[in-house]
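Pasting the sequence and the predicted model now:
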Amino acid sequence: MLLGTCSCAPWLRTTAVQDCESATSTPRFLLSMFAWSYASFCTSWSAVLPGSFRLLEEMRLWLVVIWLFVCAAALPGGEQPLSRIAIENTTLAIDDSVHIKASPLVLGLKGENSEWVEVEFFHPNPSDDDWIGVFSPANFSGAICDPENEWQQPPVLCTAPIKYQFAKFKNDGYNRSGKGNLKLQLINQREDFSFALFSGGLLKPKLIAVSNMVTFANPKAPVYPRLAQGKSWDEMTITWTSGYNIKEAVPFVEWGAKGGPRFLSPAGTLSFNRNSMCGAPARTVGWRHPGYIHTSFLKDLWPDSKYTYRLGHRLPNGTQVWSKIYSFKASPYPGQDSLQQIVIFGDMGKAEADGSNEFNDFQPGSLNTTNQIIRDLKNIDMVLHIGDICYANGYLSQWDQFTSQIEPIASTVPYMIGSGNHERDWPGTGSFYGNLDSGGECGVPAQTVFYTPAENRAKFWYATDYGMFRFCIANTEEDWRPGTEQYKFIEQCLSSVDRQKQPWLIFLAHRVLGYSSCTYYETEGTFEEPMGREALQELWQKYKVDLAFYGHVHNYERTCPVYQSQCVVDASDHYSGPFKATTHVVVGGAGASIADSAFTTSNIQWSHFRDFDFGFVKLTAFNQSSLLFEYKKSHDGNVYDHFTISRDYRDVLACSIDNCPRTTLAS
């Protein structure tokens, strides 16, 4: 039983709406109200009827039913388009007069990992709510899911599609003729595909026709490489996905300096199964096998040197399966004085080029942000994506979709990620917030699909250096307060940097631990994640953190150099001389919906520049004394906010508020 006894109520109370991006979600509001009501009910009836719980048990049963209904509506937060489909409510109504077919039958004949498919269909009794679901594996109707509870009947279908589109999309005459066609983009996801035509809408779908099967020529091929800085500056890691387990093929990377000798580096292999997930939909309708995740470590790289590489798998018969050839540039030597350019954003998510899976304009900026970065890729050395990666929210197929979307970027420059609520949070799993935002993933896909140079990848906090930059990436989904393991990491990361070599010290986290004038934070009366800056501002000031970046709130905001909620100096387009205080930046508008992240109308003294649009930040270090900050909008790539910092090493040594060594009477 889901709730058990009244002792479960305390964890239920933690499901109350806790973040700006989901505060207006009706299902989650209902969920939090139910949690509160149930807790109150338990408390009152336990007091009134000590020793007699029959009525309590009967009412609890009804409350459980309500809980299950609300929970089904709430998961996964209303933000993943696939969650709109009640696939478990499907009824079979195969109609011989309806047909659907897809072509071509075989994709990737020239090694492509992405191709367009044309789907033609006919329904003699068409309606506005007819829709096409793309399923993989193709025999989706053969999947079996166990009920999550004793009241749930085994569903006819228990596997969600990997994408869907309404039949009338770009088919203006469909309601009259019943004829239509769609052009859909498929990526190589290790399995074959089929297309199903449904009537009855998304909530009461009727399966009326299934197409022929479509497959990639080599569905198990190595795909979607993701680069990441290793634990040392001269190490690059390459992570990719394939359909080969270690018994089927040996994974490795062939690589070398451009024009130089070639080397072979072995790769480790990871995966996870349905039982690794913490709840629905990740372990029910959203489950799809993630394939096998391989990581290879390329060591002893020469600074700034260009390397080429390709992914390989050696089969037992000696045959080798190859990816196409990619290239990257190794990191500069730590402290190296040269042009270095970094892109930072949060909350991008994914979107489909074919227009499928779109819900309420949730991620219209995702492709624009991706495309702008690709256009400028020759002028970018590293990308930092600080949480809310793809919003899979328990629909595992979406991790493939996302890694495919960012492949041109992540295969060329290090793509470093942080953990957000939509990767980690789930009740009873140790996350700092006990909400449902991960859709039951509880961090497992994120920490497996991407590599981070963390001492413990499950913790998801780490330091990474690039030339003149030191980046300290925190994990807001784990406790950061003084006395915790993470607090000790943060102080060690900030205090250990040699500012003569790495003058630009950057703090990054998903939730806003600094300052945000989002209306939700205003209603909380904090203008931050509660206990955020109270716990960390002394460290930022003591160790002279130049910039602190956050996502979570889907907009852009820059503060003045601020300490203890006061502008230490006025906001400007140029700062020079000794460090005064940290500038805080919210850059969570990379793609996910901005609808619920409006700014307060109050006059906030520390808030300098706000923008309610999709965008990202680019940092350019020209040398050890000059840094350029640019905020760019995703739709055009133009700069809409900027400032520069000019600071010599003697300025770094200078004192400001609360960052000077304590003196003694002897001094």
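Now that the structure is in, tell me what you want to look at.

Now Ile293: phi and psi?
Backbone torsions for Ile293, taken as degrees, to the nearest 10, come to phi -110, psi 120.

got a list of what the closest residue to it other than its chain neighbours touches?
In this structure, Ile293 finds its nearest non-sequential neighbour in Leu270, 4.8 Å apart by C-beta to C-beta, 6 or more residues apart in numbering. For every residue, glycine as well, the C-beta is placed using N, CA and C. By C-beta atoms under 8 Å, 6 or more residues apart in numbering, the residues touching Leu270 are Tyr292, Ile293, His294, Thr295, Thr448.

Gln502: which of these is nearest?
Nearest to Gln502 among the contacts of Leu270, counting by C-beta to C-beta, is Thr295 at 26.4 Å.

Need the per-residue pLDDT for the residue nearest the centre of the chain.
The centroid of the chain falls nearest to Ile389 when counting by C-alpha atoms, centre = their mean (1.3 Å). We have a pLDDT of 97 for Ile389.

By neighbour count, which of the contacts of Leu270 wins?
The residue in the contacts of Leu270 with the most neighbours, by other C-beta atoms under 10 Å, is His294 (26 neighbours).

before we move on, back to that, and the contacts of Leu270 as a markdown table, adding pLDDT, distance to Thr559 and secondary structure?
Converted to a markdown table, the contacts of Leu270 look like this (pLDDT from 0 to 100; distance: C-beta to C-beta, whole Å; DSSP: H, G, I helix; E, B strand; the rest coil):
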| residue | pLDDT | distance to Thr559 | secondary structure |
| --- | --- | --- | --- |
| Tyr292 | 98 | 44 | strand |
| Ile293 | 98 | 38 | strand |
| His294 | 98 | 42 | strand |
| Thr295 | 98 | 38 | strand |
| Thr448 | 98 | 35 | helix |
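
ok, so of these, who is nearest Ser625?
Thr295 (37.2 Å).

For the stretch 251-400 of the chain, give me the ranges with low pLDDT.
Along the stretch 251-400 of the chain, the model assigns pLDDT under 70 to residues 360-363.

let's see 80
359-364 (pLDDT under 80).

ranges for the helices of it?
Shown for the stretch 251-400 of the chain, the helices assigned by DSSP state H, counting those that start in this stretch span residues 366-375, 397-405.

Tell me who's in contact with the residue nearest to the centre of the chain.
Contacts of Ile389 (C-beta under 8 Å, 6+ apart): Met348, Gly349, Phe402, Ile417, Gly420, His422, Glu423, Ala446, Phe450.

close enough to count as contact, the fifth one and Val553?
No. Because the distance of 11.6 Å does not satisfy C-beta atoms under 8 Å, Gly420 is recorded as not touching Val553.

Just grab the bridge partners of the closest residue to Gln502 other than its chain neighbours for me.
Nearest non-adjacent residue to Gln502, counting by C-beta to C-beta, 6+ apart: Arg470, 4.7 Å away. For Arg470, the beta-bridge partners under DSSP bridges are Asp465, Leu505.

For Arg470, give me its contacts.
Taking C-beta under 8 Å, 6+ apart, one finds Ala463, Cys493, Val497, Gln502, Trp504, Leu505, Ile506 in contact with Arg470.

and the third one, how many neighbours?
Under the neighbour criterion other C-beta under 10 Å, Val497 is assigned a count of 21.

which one of the contacts of Ile389 sits closest to Pro219?
Out of these, the member with the shortest distance to Pro219 (by C-beta to C-beta) is Phe402, at 18.8 Å.

thinking again about what came up before, most tightly surrounded among the helices of the stretch 251-400 of the chain?
helix 397-405 (a mean of 24; mean count of other C-beta atoms under 10 Å).

next one: that helix to chain centre, how far?
11 Å (C-alpha atoms, centre = their mean, to the nearest Å).

Stretch 172-189 now?
That offset, for stretch 172-189, works out to 29 Å (C-alpha atoms, centre = their mean).

Kindly report the same for stretch 626-646.
24 Å.

Go ahead and produce CSV holding the CA coordinates of that stretch.
What follows is stretch 626-646 as a C-alpha-only set of coordinates in CSV (Å, rounded to 0.1, in the frame of the first residue of the first chain):
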residue,chain,number,x,y,z
SER,A,626,40.4,41.1,-18.7
LEU,A,627,37.1,39.2,-18.8
LEU,A,628,34.0,39.9,-21.0
PHE,A,629,30.5,38.8,-20.0
GLU,A,630,27.8,38.6,-22.6
TYR,A,631,24.2,37.6,-22.4
LYS,A,632,22.8,36.5,-25.8
LYS,A,633,19.3,35.7,-26.9
SER,A,634,18.7,32.4,-28.5
HIS,A,635,16.5,33.5,-31.3
ASP,A,636,19.1,35.8,-32.9
GLY,A,637,22.4,35.3,-31.1
ASN,A,638,22.8,39.0,-30.4
VAL,A,639,24.2,40.5,-27.2
TYR,A,640,21.5,42.1,-25.0
ASP,A,641,23.5,42.6,-21.8
HIS,A,642,27.3,42.7,-21.2
PHE,A,643,30.0,43.9,-18.9
THR,A,644,33.8,43.6,-18.5
ILE,A,645,36.1,43.1,-15.5
SER,A,646,39.6,44.5,-15.5
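
follow-up on the earlier one: out of the contacts of Arg470, which is nearest to Trp255?
Ala463 (25.3 Å).

Which residues does the helix or strand encompassing that closest one contact?
When elements are assigned from DSSP states H and E, Ala463 belongs to strand 462-466. Outside strand 462-466, the residues that touch it by C-beta under 8 Å, 6+ apart are 229, 233, 331-332, 334, 340, 342, 381-382, 414, 416, 452-455, 470-473, 493, 502.

all helices of the chain, in order?
Using DSSP state H, the helices of the chain run over residues 9-13, 26-48, 54-74, 174-177, 366-375, 397-405, 407-410, 421-424, 444-449, 485-495, 519-524, 532-542, 649-653.

mean pLDDT for those: which is lowest?
Looking at those, the bottom one is helix 9-13 with a mean of 30.

Show me this protein divided up by domain.
For the chain, the structural domains run 87-216, 334-653, going by the TED database.

how far does the first one sit from the chain's center?
Mean C-alpha position of domain 87-216 versus that of the full chain (C-alpha atoms, centre = their mean) differs by 26 Å.

swap in stretch 433-442?
On C-alpha atoms, centre = their mean, the centre of stretch 433-442 falls 13 Å from the chain's centre.

ok, now stretch 262-271?
That offset, for stretch 262-271, works out to 25 Å (C-alpha atoms, centre = their mean).

buried ones in stretch 240-250?
For stretch 240-250, the neighbour count (16 or more other C-beta atoms under 10 Å) marks Trp240, Thr241, Ser242, Gly243, Tyr244, Ala249, Val250 as buried.

Now, those residues that are in strands?
Trp240, Thr241, Ser242, Val250 (DSSP state E).

Let me see the contact set for the first one.
This points to Trp240. So Trp240 contacts Pro222, Val223, Tyr224, Pro225, Arg226, Ile293, His294, Leu311, Ser323 (C-beta under 8 Å, 6+ apart).

The last one now?
Val250 makes contact with Pro266, His313, Arg314, according to C-beta under 8 Å, 6+ apart.

Mind picking the one among those that's closest to Pro303?
For these, with Pro303 as the reference and C-beta to C-beta as the criterion, the closest is Pro266, at 24.3 Å.

can you count the residues close to the spatially closest residue to the closest one that is not a sequence neighbour?
Spatial nearest neighbour of Pro266, excluding adjacent residues (C-beta to C-beta, 6+ apart): Phe252 at 5.3 Å. Each residue near Phe252 was counted by other C-beta under 10 Å, and the total is 20.

among the contacts of Val250, who's most crowded?
Most surrounded of the contacts of Val250: other C-beta under 10 Å gives His313, at 23 neighbours.

For that one, name its beta-bridge partners.
Pro251, Val321.
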